[in-house]
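Student: build the 3D model from these lines:
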Amino acid sequence: MALSGMRGLSVFISDIRNCPNKEQERLRVDKELGNVRTRFKNEKGLTPYEKKKYVWKMLYIYMLGYDVDFGHMEAVSLISAPKYPEKQVGYIVTSCLLNENHDFLRLAINTVRNDIIGRNETFQCLALTMVGNIGGREFAESLAPDVQKLLLSSSCRPLVRKKAALCLLRLYRKNPDVVNVDGWSDRMAQLLDERDLGVLTSSMSLLVALVSNNHDTYWSCLPKCVKILERLARNQDVPQEYTYYGIPSPWLQVKTMRALQYFPTIEDPNTRRSLFEVLQRILMGTDVVKNVNKNNASHAVLFEALALVMHLDAEKEMMSQCVALLGKFIAVREPNIRYLGLENMTRMLMVTDVQDIIKRHQAQIITSLKDPDISIRRRALDLLYGMCDVSNAKDIVEELLQYLSTADFAMREELSLKAAILAEKFAPDLSWYVDVILQLIDKAGDFVSDDIWFRVVQFVTNNEDLQPYAAAKARDYLDKPALHETMVKVSAYLLGEYSHLLARRPGCSPKEIFSILHEKLPTVSTSTIPILLSTYAKVLMHTQPPDPELQNQIWAIFNKYESCIDVEIQQRAVEYFALSRKGAALMDILAEMPKFPERQSALIKKAEDTEVDTAEQSAIKWRAQQQTSNALVVTDQCPANGTPPVGQQLGLVKVPSMSSNVDHNSEDQGSAHLNGTLSTVDPQPPSPDLLGDLLGPLAIEGPPVASVHSEQNIIPGLEGVSNTVDAAAIVPVEEQNNSVQPIGNIAERFHALCFKDSGVLYEDPYIQIGIKAEWRAHHGRLVLFLGNKNTSPLVSVQVVILPPSHLKIELSLVPETIPPRAQVQCPLEFVNLRPSRDVAVLDFSYKFGTNAVNVKLRLPAVLNKFLQPIPVSAEEFFPQWRSLSGPPLKLQEVVRGVRPLSLLEMANLFNSFRLMVCPGLDPNPNNLVASTTFYSESTRAMLCLVRIETDPADRTQLRMTVASGDPALTFELKEFIKEQLISIPTASRAPAPAQTPVQPTSPPTALTDPGAMLAGLL
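Tutor: Residues are numbered from 1 along each chain as shown. Next comes the predicted model:
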């Protein structure tokens, strides 16, 4: 910042630095802002020097963290100044203070274009720098041709061309249509012949973005990229200023190898041989040295080379060399290098025939579990989990069990889950599996989820030979003085079902089994008591003829709990007491549980939900994740939401409610948009979950919250699906039959897209579905990007849209075949007819080889997409608030079970779903007032007002008042906000059977009018 000659600016900065405290600084800043505002009001009397000085002051104040909400026009006007000092100030301050959507930027487009096409290189650089930082879609449409001319011009200096390449990259990311794909292949290849490494590095950044979207057009660039790597590897014609600690331009090497990873394969043998020679030289020439900066640069190149080697599926000899090099890295003292070694060795697991080589380093990997750095321990755990198979499962699981007692609490849940999965997948015999699970529960009971002991119960129930062994082991654990409650649950269940198989063993008579279990009753919570009562009834049933003493003891317990306040316990006690008086008939009533149907393990599903950065992720996906494009690759794993094809049965149910544990589900026939046409969908209820029915109430802790019913919004084609208050979307619930598993957590991706307009909706090994949306008033446009990730076509592609009644959706025609490595765009047009929280469902299916995949995905066309935040002053707020008096236009509710949030966090949450918090309207500092505008065809632009009253002593509850001019909008917005505030229980119950739709009830009435209260306070 040039301060020469600006005495006023220098004095102001000196005053700020000399302020003794923050309050004095604020007073000085406010004084200066008032002075600047006054001078700007009389703009005609300002000289260019004074305007420049005051704009510099505004920028300095903004850099200190204060809001500068005026003077933007003066900053933009300086861009058109004829002299460099004023123009420089205008460009710098505009880049800092404004964003790409600011209206004032439109005024400067012509001036910026004149500077770009002018002959003054300094002005060109200033303009390109600003556009490269804050350029949006309008800049892309207006300036892209001129920027391309600068980039391709041979008369421009390299400095200008570098900036032009980076500027074009920004414009391409904002609007990919600005680059003509057909004509740019030859131009891009021409740019790769550039000798100046600065221009070449910037052009390579542009190439990475281009090939990430469409590599087929840029095959001619592939040999040029290999030649660039050869030039850098041999250090040919590399200026000294581009050599970093002896490494020739490591940034260009990394970007070049990253670009090569977007090409599926290299067919030309000469090009492939040259590339492998370069990669071999990088692998051989990289070692750990003392200089940290050199290490960072060389390892950046090395790990990019490793990713390229994995992508190209190199020869086994080179793969072995890569693993050996990583083995050296995981043995060094430097923690960062160890982390990178473990992380990349995990990625190597995806390559065939490498796992046996990685096993040679198993001892060193196990040693890393004891590393002081928790991130290294997590990487070691992921690697052990990925490299485990039948040959080493026992050793790895035993090491994990041994490490469990000393592991960090933050890792124990993940460690327990992975140990349980490995024991289930690779158990040499089922008795060993039972031993492992019981040891897990004994050592880390607090971190063992119910799914783990549910699973062992399923195995024992389905294998008769295992039942006596499991019951005996459970009996042995009960002798321990201190026993975790989860162990009490599993032991009680197993002994209740199979203790009669141990009757001849010492200490296993029914009376002794009852006695040792009953000793645990005072120490357990209410969630375990129902299981113990079931066990008592089973023990009594197996005692034939009945033992009068044992019978009286158990009956006394049933009598005691007949008046229990917990409904589940009370019901079991009453029913078991009545059943136990039936004598011999009890044997038929309380017979052993039948075998469970075969199904995918819930543990594996849970692991896929929580697993991050696993070995199944390819190098291309890893690089795509780091791109700044609109379609990010999320590396979480998630089970498929696959369902039977269209025309077969389809079961639909609302997402589990956040304020209600009651699920409503019904069925009917309906119509849906299939590839631009209509087809019929026949729903059916979901199949029952036997284990969920048996143990479902135990998976939800805490008392149930009263259920609330809302208006029933019927979806065309899905008229029977009832709308519970807190349900967010309609999703399929029947058993998944897809053999292809998705990549990433589908639910998390949908939730993220509810608050942003672009990203990945679904991905599996064959296809990626991305979306990009624009919302204006009650209209929306959403484009589906269907990308084929393989070298074979995807056939029988079908897209069905199940629209809710409040949305009018138009889908363009979708091709039935997606060519190899191609991307198809499918635009959808939305019109919001009225307020509702229901969402549309995308039913997508395709075939790849012998794999038929069908998934059902929620589209993020949710209520908040049709909100537009609007600031409201006190003069506007209070008349509106008073005019909306009482239900149904103004609804109030006390919300409990809220996630504890500070006021700042709550305000940020409101802003994320387009509610503008209006500070200063409520005199109580613990309250929030927010406003927004909702758009639909029925309501047009409707103002909505929200007031949140919090209790500082208890952040888990608050009082919420919502007001608008439409009763349905008021209710739907209130419920939508409540959904975002209430924490959702992680445990889920089995879906309820289909029920008759509940008649709509009127919204709850407010007890008081907070508008009058708020007006009185002010």
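
Student: using the three-state scheme, assign the residue nearest the centre of the chain.
Tutor: Nearest to the geometric centre of the chain sits E748, at 4.1 Å (C-alpha atoms, centre = their mean). For E748, the assignment made with DSSP: H, G, I helix; E, B strand; the rest coil gives helix.

Student: cool, and D843?
Tutor: Assignment for D843 (three-state DSSP): strand.

Student: same thing with the one 10 residues further on?
Tutor: Under the three-state scheme (three-state DSSP), the conformation of V853 reads as strand.

Student: low-confidence ranges, this structure, go.
Tutor: 1-5, 43, 181-182, 583-585, 605-738, 983-1018 (pLDDT under 70).

Student: and F848, how far is that from R947?
Tutor: 53 Å (C-beta to C-beta, to the nearest Å). From N, CA and C alone the C-beta is placed, and that goes for glycine too.

Student: correction: the previous question concerned K370.
Tutor: 54 Å.

Student: of those two, who's got more company?
Tutor: Taking neighbours as other C-beta atoms under 10 Å, K370 and R947 compare with R947 leading, 23 against 12.

Student: mind listing the helices for the stretch 51-200 of the chain?
Tutor: Applying DSSP state H, counting those that start in this stretch to the stretch 51-200 of the chain gives helices spanning 72-77, 84-97, 104-107, 109-117, 121-134, 137-152, 158-174, 181-191, 197-213.

Student: including mean neighbour count and distance to R781, could those helices go into TSV?
Tutor: Listed next are the helices of the stretch 51-200 of the chain as TSV, based on neighbours: other C-beta atoms under 10 Å; distance: least, C-beta to C-beta, whole Å:
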stretch	mean neighbour count	distance to R781
helix 72-77	20	29
helix 84-97	20	29
helix 104-107	16	21
helix 109-117	18	24
helix 121-134	21	24
helix 137-152	19	13
helix 158-174	22	16
helix 181-191	15	22
helix 197-213	22	19
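
Student: out of those, flag the one nearest S758.
Tutor: Of all the helices of the stretch 51-200 of the chain, helix 158-174 sits nearest to S758, with 10.8 Å by C-beta to C-beta.

Student: now do that closest one: distance to the chain's middle.
Tutor: The chain centre lies 31 Å from the centre of helix 158-174; the measure is C-alpha atoms, centre = their mean, to the nearest Å.

Student: now do it against helix 181-191, angle only.
Tutor: Here the directions of helix 158-174 and helix 181-191 differ by 150 degrees (axes from the mean of the first three to the mean of the last three C-alpha atoms, to 10 degrees).

Student: can you spell out which helices and strands pack onto helix 158-174?
Tutor: helix 121-134, helix 137-152, helix 197-213 (3 or more C-beta pairs under 8 Å, 6 or more residues apart in numbering; DSSP states H and E).

Student: list of residues touching it?
Tutor: 100, 121, 124-125, 128-129, 131-133, 135-137, 139-140, 143-144, 147-148, 150-151, 153, 156, 178-179, 191, 196, 198-199, 201-203, 205-206, 209-210, 628-630 (C-beta atoms under 8 Å, 6 or more residues apart in numbering).

Student: please apply the same query to stretch 262-277.
Tutor: Contacts of stretch 262-277 (C-beta under 8 Å, 6+ apart): 208, 211-212, 215, 219, 222-223, 226-227, 229-230, 260, 312, 314, 318, 620, 623, 791, 821.

Student: circling back: the residue nearest to the centre of the chain and Y762, how far apart?
Tutor: Distance from E748 to Y762, by C-beta to C-beta: 12 Å.

Student: and L904, by the same measure?
Tutor: L904 sits 34 Å away from Y762, going by C-beta to C-beta.

Student: how many neighbours does the nearest residue to A314 once chain neighbours are set aside have?
Tutor: Leaving aside its chain neighbours, A314 sits nearest to F276 (6.6 Å; criterion: C-beta to C-beta, 6 or more residues apart in numbering). With neighbours defined by other C-beta under 10 Å, the count for F276 comes to 18.

Student: ok so F276 is a helix residue?
Tutor: Yes: using three-state DSSP, the assignment for F276 is a helix.

Student: from A305, how far out is it?
Tutor: 11 Å.

Student: follow-up on the earlier one: counting neighbours, go ahead and name the busier of L904 and Y762.
Tutor: More crowded of L904 and Y762, by other C-beta under 10 Å: Y762, with 25 against 9.

Student: does Q768 touch K789 like I think?
Tutor: Yes: with contact defined as C-beta atoms under 8 Å, Q768 reaches K789; the gap is 6.1 Å.

Student: between those two, which has more neighbouring residues?
Tutor: Between Q768 and K789, Q768 has the larger neighbour count (other C-beta under 10 Å), namely 22 against 19.

Student: secondary structure element holding the more buried one?
Tutor: Secondary structure from DSSP states H and E places Q768 in strand 767-776.

Student: name the SS class of V946, please.
Tutor: strand.

Student: distance of it from Q148?
Tutor: V946 is 47 Å from Q148, by C-beta to C-beta.

Student: swap in K294?
Tutor: 38 Å.

Student: cool, F913 as well?
Tutor: For F913 relative to Q148 (C-beta to C-beta), the value is 39 Å.

Student: which SSE is the residue nearest to D922 when sequence neighbours are not counted in?
Tutor: Leaving aside its chain neighbours, D922 sits nearest to V929 (5.0 Å; criterion: C-beta to C-beta, 6+ apart). Using DSSP H and E, V929 sits in strand 927-936.

Student: many thanks, I have nothing further to ask.
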